[in-house]
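>>> Fold the stuff below for me.
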Amino acid sequence: MTAKKSRLEPRPVDDPHKTKLRDHIVSMMRIEEKIMAALESISKELDGHPDASIFLSQIRAMAEDHTEALRIRMMGISAREPDLLVPVAPSGVSELAAGQPRGPSMALQDLYGLLGQATFGYSVLHVVAHRQLDSPWAIEEGNTADLAEELMREYSRALEILDTKGCEVTVWELSKEGLECRCVCPSCSLGICLCWVHGIATAVDARRPVLAGEKAPSAAGITVVPPRTDSVALLAGVGQGDAIVAIDDQRVGGDVDVDAMVGGFLQAIKAHGPGDEIRLKVRNRSGDVRNVQLARDVMDPPPKERRLAAIMFTDMVGFTALAQKDESRALELLEEHRALVRAALPRHRGREVKTIGDAFLLEFTSALDATACAIDVQRAVRKRNQTRRRDPIQLRIGIHVGDLVSVSGDIYGDAVNIASRIEPMAEPGGICVSQQVYDQVWNKVPVKMAELARARLKNVSAPIGVYRVSVPTSR
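Okay, the predicted model is just below:
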């Protein structure tokens with residue numbers, strides 16, 4: 001490939017425009033190198049997956065082509081700017097002389113990568129939660145699948161904004177450095193720069209085929225992943241890699257998006273009663289289509305119990321920072337924290353629902369029991385700290401009372417969410433309770449309670465009254 005000859009005169013050696021462009025091309029070459037390096041370990045992790053090796057090979061080919069294209073572009077710049085040092089070895093990305101460019105635009109690139117990682121992680125969490133029945137099919141409110149979907153959508157929207165902000169911030173950054181627009185398009189020639197607008201349009205247009213591509217999987221029907229070992233589908237001969245293209249003579253997929261396809265398929269199944277025959281058309285990997293009949297099998301959801309209870313969250317202050325500094329010491333303090341909490345539970349008829357890292361989720365039959373237990377725990381922690389002043393444990397505790405749903409021993413619902421949001425409002429070594437708890441215990445516990453400003457808690461529609469409990473130093 002030969003670079004086009006530029007009609008522009010070479011710029012002076014000290015022109016900062018020259019190194020700016022070169023450094024950013026080098027930065028992208030390094031990113032491509034990181035992608036290729038990461039593919040080595042990723043390929044091992046996905047070894048055996050029927051389609052992953054093909055997809056990863058395609059990614060590797062893309063990264064190699066991208067690197068080569070960037071190298072050739074650098075050669076083209078070198079032809080136009082002879083004094084500019086340009087690496088020539090195709091595989092010598094790590095030997096590039098230029099430093100990594102920094103600045104606002106690169107800071108946003110770092111953020112973009114983190115948000116992309118988080119978005120992907122929440123999509124994985126969403127699938128795991130559904131398959132483990134921590135979803136609306138078993139738990140109407142407060143389930144992990146709905147939470148993962150909500151957080152994934154928030155970050156996806158943030159990524160869309162960053163797609164546009166990156167172009168705008170880059171123009172602002174270059175202008176601050178005195179690097180004015182040198183584009184010779186008709187609009188830029190007038191002094192009305194369209195470079196950043198074009199960048200936004202290009203980003204949106206580049207994503208549009210991918211977003212619209214949600215229709216592509218639906219057009220092919222529903223691809224079957226490994227069926228449950230005792231499922232009627234497996235017994236009827238439907239296996240991994242097959243695609244369901246019709247149900248009861250109604251096409252599955254086509255020109256609808258994935259959500260519509262899934263909703264339509266579920267409605268078609270729900271139209272049948274238990275034991276009714278369902279007719280499917282199934283296409284195998286070779287493209288052959290066969291008819292399959294199976295009886296609808298209705299699985300009973302796990303039993304649910306709805307009840308009123310008091311919920312307590314505890315959390316160790318500074319545990320994450322300590323774990324990064326001295327992991328073994330952090331784990332020792334964590335065990336001490338757990339021992340102190342567990343010792344107090346039987347005295348106040350509390351139940352340990354689960355631990356979440358350094359936090360406890362606890363349930364009590366009454367707000368009074370929960371509050372008394374929290375006071376007991378904080379007193380025990382203070383007593384322990386009096387002899388271990390150089391190595392203290394500090395807890396935050398939040399309590400709320402409300403309606404919850406219990407499924408297989410775990411608890412869910414808005415009451416649990418509210419308790420978890422109240423806990424961070426407590427001071428280190430302190431307790432915060434909701435208005436509902438205060439109304440039931442204010443005249444029954446020997447402590448003072450100070451009302452805080454009404455708080456709007458995330459994912460809670462109405463403001464919540466919160467009170468800070470003053471834990472006495474002695475009984």
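>>> show me where the stretch 1-150 of the chain has helices.
16-45, 52-80, 104-131, 144-176 (DSSP state H, counting those that start in this stretch).
>>> tell me the domain boundaries of the chain?
16-216, 218-295, 304-470 (automatic domain parsing).
>>> With mean neighbour count and mean pLDDT added, can I get those in JSON lines?
Backbone N, C-alpha and C define where each C-beta goes, glycine included. Output for those, formatted as JSON lines (neighbours: other Cβ atoms under 10 Å; pLDDT from 0 to 100):
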{"stretch": "domain 16-216", "mean neighbour count": "15", "mean pLDDT": "72"}
{"stretch": "domain 218-295", "mean neighbour count": "14", "mean pLDDT": "83"}
{"stretch": "domain 304-470", "mean neighbour count": "18", "mean pLDDT": "89"}
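>>> coming back round to it: looking at the helices of the stretch 1-150 of the chain, which is nearest to Arg421?
helix 144-176 (12.8 Å; Cβ to Cβ).
>>> Quick one: distance of that closest one to the chain centre.
Centroid separation for helix 144-176 versus its chain: 13 Å, with Cα atoms, centre = their mean, to the nearest Å.
>>> just the angle between that helix and helix 16-45, please?
With axes from the mean of the first three to the mean of the last three Cα atoms, to 10 degrees defining the directions, helix 144-176 sits at 160 degrees from helix 16-45.
>>> For helix 144-176, name the packing helices and strands.
With contacts taken as 3 or more Cβ pairs under 8 Å, 6 or more residues apart in numbering; DSSP states H and E, helix 144-176 sits against helix 104-131, helix 195-212.
>>> In terms of secondary structure, what does the first one contact?
Just to be clear, that refers to helix 104-131. Helix 104-131 packs on helix 144-176, going by 3+ Cβ pairs under 8 Å, 6+ apart.
>>> rewinding a little: out of the helices and strands packed on helix 144-176, which comes closest to Leu322?
helix 104-131 (23.5 Å).
>>> picking that back up, let me have the helices of the stretch 1-150 of the chain in JSON lines, extended by distance to Gly287.
Shown next, in JSON lines, are those (distance: least, Cβ to Cβ, whole Å):
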{"stretch": "helix 16-45", "distance to Gly287": "28"}
{"stretch": "helix 52-80", "distance to Gly287": "17"}
{"stretch": "helix 104-131", "distance to Gly287": "28"}
{"stretch": "helix 144-176", "distance to Gly287": "34"}
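>>> if we can go back for a sec, out of the helices and strands packed on helix 144-176, which comes closest to Val262?
helix 104-131 (11.4 Å).
>>> Off-centre distance for that closest one?
On Cα atoms, centre = their mean, the centre of helix 104-131 falls 5 Å from the chain's centre.
>>> Quick one: work out the angle between it and helix 144-176.
170 degrees.
>>> could you redo the helices and strands packed on helix 144-176 as JSON lines and give each row distance to Glu327?
Formatted as JSON lines, the helices and strands packed on helix 144-176 follow (distance: least, Cβ to Cβ, whole Å):
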{"stretch": "helix 104-131", "distance to Glu327": "23"}
{"stretch": "helix 195-212", "distance to Glu327": "41"}
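>>> Glu352: what secondary structure?
strand (DSSP: H, G, I helix; E, B strand; the rest coil).
>>> Tell me which of the helices and strands packed on helix 144-176 approaches Glu305 most closely.
helix 104-131 (20.4 Å).
>>> tell me the contacts of Leu108?
Residues in contact with Leu108, defined by Cβ atoms under 8 Å, 6 or more residues apart in numbering, are Leu162, Lys165, Gly166, Val169.
>>> Which residues does stretch 408-424 contact?
139, 141-143, 302, 309, 311-315, 353-354, 359, 361, 363, 396-406, 432-434, 455, 457-460, 464, 466.
>>> With adjacent residues omitted, what lies nearest to Ser187?
Leaving out its chain neighbours, the residue that sits closest to Ser187 by Cβ to Cβ, 6 or more residues apart in numbering is Leu194, at 4.6 Å.
>>> again, but for Met152
For Met152, the spatially nearest residue (Cβ to Cβ, 6+ apart) is Tyr122, at 3.7 Å.
>>> any idea how far that neighbour is from Gln440?
Relative to Gln440, Tyr122 is positioned 37 Å away (Cβ to Cβ, to the nearest Å).
>>> No further questions, thank you.
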